[in-house]
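1. no sequence on this one, just coordinates:
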């Protein structure tokens, strides 16, 4: 396997990360996984188990994965969210999300960067969120994902001359276990938010994987520092109340 085809995906056990790993494996990449959960998809070229909020454990796991050679593609997917109103927010939640959503990405970039520089080639994709625009009950999550978007632009500038691109994919509401756990199907805010999506549906993990695959391609060599929202149009702003009924009526007419 060409070393340029080795790609590391964090958070491969479930949801979006699993879909990304499966898509990239099908595309012919040698996919390496990193996760706290060992129940990973079949077909991985390598896997290391670690709690990525623990820097020492994460560095050790990354060193094991790099024993097989340089990694020139990286998908910083691992992340989580906690629902809380700001009146009930705690500093511990903020610290945990910073370690998970930001610290893990920085550790992974530091680990793979020497190999990318030596190869004169690299692709980094960070999974952010439409929540960078803000979302109620998700203050800490939105803050860390907005920070990851800022890191994406900073890294794009820092690495551009070395042939390394850094881009981000910002999912909207995606049908994952995490989303369903945090947002019960009958919750009023889920019904309201889904109704505001211009495409009038929740996205699927495979649709995020498609966007990631685009940024990882060798041919995507002149695109860096960008964030692609995969959100059914929700980043444009929610539909106005009652607009769904108007659109459905228009569909029936024509």
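-> Sure, I can see it. Treat the numbers as computed from the prediction; the structure is a model and nothing was measured.
2. which ones are touching residue 206?
-> Shown in contact with residue 206 (CB atoms under 8 Å, 6 or more residues apart in numbering): 19, 23. (C-beta placed from N, C-alpha, C; glycine too.)
3. now the strands for this protein?
-> Counting by DSSP state E, the chain has these strands, from start to end: 6-10, 30-35, 46-49, 73-76, 122-127, 164-171, 227-230.
4. what pairs with the last one, parallel or antiparallel?
-> This means strand 227-230. Sheet pairing of strand 227-230 (DSSP bridges) gives strand 164-171 (parallel).
5. what's in contact with the strand it pairs with?
-> For strand 164-171, contacts defined as CB under 8 Å, 6+ apart pick out 16, 113, 116-117, 121-130, 132, 145, 148-149, 152, 155-156, 159, 203, 208, 211-212, 215, 220-221, 223-231, 235.
6. just how off-centre is that strand within its chain?
-> Averaging C-alpha positions (CA atoms, centre = their mean, to the nearest Å) puts strand 164-171 9 Å from its chain's average.
7. so for it, mean pLDDT?
-> Per-residue pLDDT values over strand 164-171 give a mean of 97.
8. among the strands of the chain, which is nearest residue 192?
-> strand 164-171 (18.6 Å; CB to CB).
9. was I right about residue 24 contacting residue 31?
-> Yes - with contact defined as CB atoms under 8 Å, residue 24 and residue 31 form a contacting pair (5.0 Å).
10. these two - which one has more neighbours?
-> When residue 24 is set against residue 31 and neighbours are counted by other CB atoms under 10 Å, the residue ahead is residue 31, at 28 against 24.
11. who does the nearest residue to residue 211 once chain neighbours are set aside bridge with?
-> In space, and not counting its chain neighbours, residue 211 is closest to residue 169: 4.7 Å by CB to CB, 6 or more residues apart in numbering. With DSSP bridges as the criterion, residue 169 is bridged to residue 127, residue 228.
12. now list the buried members of the contacts of strand 164-171.
-> 16, 113, 116-117, 121-130, 132, 145, 148-149, 152, 155-156, 159, 203, 208, 211-212, 215, 220, 224-225, 227-231, 235 (16 or more other CB atoms under 10 Å).
13. low-confidence ranges in the chain?
-> Counting by pLDDT under 70, the chain has low-confidence residues at 1-4, 82-83, 85-86, 137, 182, 189, 240-254.
14. and the helices in it?
-> Using DSSP state H, the helices of the chain run over residues 15-26, 55-66, 91-97, 104-119, 139-159, 177-182, 188-196, 205-216, 243-253.
15. switch those helices over to CSV; also include distance to residue 5.
-> Converted to CSV, those look like this (distance: least, CB to CB, whole Å):
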stretch, distance to residue 5
helix 15-26, 10
helix 55-66, 14
helix 91-97, 32
helix 104-119, 11
helix 139-159, 19
helix 177-182, 29
helix 188-196, 38
helix 205-216, 10
helix 243-253, 44
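16. which one of the ones you listed is the most hemmed in?
-> helix 15-26 (a mean of 24; mean count of other CB atoms under 10 Å).
17. pull the residues that contact that helix.
-> Under CB under 8 Å, 6+ apart, the answer for helix 15-26 is 7, 9-12, 31, 33, 35, 40-41, 43-44, 75, 77-78, 127, 171, 174, 176-179, 204-206, 208-210, 212-213, 216.
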